[in-house]
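Peer 1: Coordinates only, no sequence provided:
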């Protein structure tokens, strides 16, 4: 549509890698990888996901 074409030219939003965004947020909040264990699982799985 016309609006989408205008927005893509004048207000483009960069897409970011979700993993990079997660790492950035963890760094900003001072969260260590172990804080992801309740959501991801054991520490070896957390490090696997982060790598």
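Peer 2: Structure's in. What do you need? This is a predicted model, so every value here is computed, not measured.
Peer 1: just the helices in this protein please.
Peer 2: 2-10, 18-29, 37-40, 43-50 (DSSP state H).
Peer 1: In JSON lines, list those helices along with mean neighbour count and mean pLDDT.
Peer 2: To be clear about C-beta, it is placed using only N, CA and C from the backbone, and glycine gets the same treatment. Listed next are those as JSON lines, based on neighbours: other Cβ atoms under 10 Å; pLDDT from 0 to 100:
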{"stretch": "helix 2-10", "mean neighbour count": "9", "mean pLDDT": "83"}
{"stretch": "helix 18-29", "mean neighbour count": "11", "mean pLDDT": "93"}
{"stretch": "helix 37-40", "mean neighbour count": "10", "mean pLDDT": "93"}
{"stretch": "helix 43-50", "mean neighbour count": "12", "mean pLDDT": "93"}
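Peer 1: Point me to the residue sitting farthest from the middle of this structure.
Peer 2: Each residue of the chain has a distance to the centre, and by Cα atoms, centre = their mean the biggest one is for residue 2: 30.3 Å.
Peer 1: And residue 31, its phi and psi?
Peer 2: For residue 31, the backbone dihedrals are phi -90, psi 130 (criterion: degrees, to the nearest 10).
Peer 1: Got the confidence number for it?
Peer 2: Looking at residue 31, its pLDDT is 94.
Peer 1: OK, contacts around it?
Peer 2: Counting by Cβ atoms under 8 Å, 6 or more residues apart in numbering, residue 31 makes contact with residue 25.
Peer 1: separation between it and residue 40?
Peer 2: According to Cβ to Cβ, to the nearest Å, residue 31 and residue 40 sit 13 Å apart.
Peer 1: and what of residue 3?
Peer 2: 39 Å.
Peer 1: Contact partners for the nearest residue to residue 23 once chain neighbours are set aside?
Peer 2: Using Cβ to Cβ, 6 or more residues apart in numbering and skipping the chain neighbours, the partner closest in space to residue 23 is residue 50 (7.0 Å). For residue 50, the contact set (Cβ under 8 Å, 6+ apart) comprises 19, 22, 23, 33, 36.
Peer 1: cool, residue 2 as well?
Peer 2: Residue 2 sits next to no residue when contact means Cβ under 8 Å, 6+ apart.
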